[in-house]
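Trainee: Could you look at this predicted model? Sequence included:
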Amino acid sequence: MKLVGKTLASAAAVAGLLAISSVSASAAIACSGNVCWHTHETYRYPPDARVIIHDDDWRWGPNEHYVFREHEGRGYWRGDNWESW
């Protein structure tokens, strides 16, 4: 009986940790022009960057086309260049 109790307690603890980690792993899609990228932080982009933030499950419409690029760190895509600030 002790083994079953320990097993159930361990399973509950692992399930709790997984639930917490999935909630904190939220992401968003940021777009500037027709270039989009994933971001894990919420930044206040400069107004001249013209960045639009979408939920991670966002899908573009049938008449839209975007290019996804990835880059680590704080910044945004302006054309083909990554602008850091």
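Mentor: Received, thanks.
Trainee: what's around H38, how many residues?
Mentor: Close neighbours of H38, defined as other Cβ atoms under 10 Å, add up to 13. To be clear about C-beta, it is placed using only N, CA and C from the backbone, and glycine gets the same treatment.
Trainee: Provide the partner residues of it in its beta bridges.
Mentor: Beta-bridge pairing of H38 under DSSP bridges involves I29.
Trainee: Can you name the residues that contact it?
Mentor: Counting by Cβ atoms under 8 Å, 6 or more residues apart in numbering, H38 touches A27, A28, I29, A30, D56, F68, E70.
Trainee: Let's see the PyMOL selection covering just the buried ones among these.
Mentor: In PyMOL, selecting the buried portion of the contacts of H38, with burial taken from 16 or more other Cβ atoms under 10 Å, looks like this:
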select buried, resi 28+29+30
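Trainee: Kindly indicate which of the contacts of H38 lies nearest D48.
Mentor: Using Cβ to Cβ, the shortest approach to D48 within those belongs to A30, at 14.9 Å.
Trainee: what's the distance between the closest one and P62?
Mentor: 22 Å (Cβ to Cβ, to the nearest Å).
Trainee: Same check on E41?
Mentor: Separation of E41 from P62 (Cβ to Cβ) stands at 31 Å.
Trainee: what does D56 give?
Mentor: Separation of D56 from P62 (Cβ to Cβ) stands at 20 Å.
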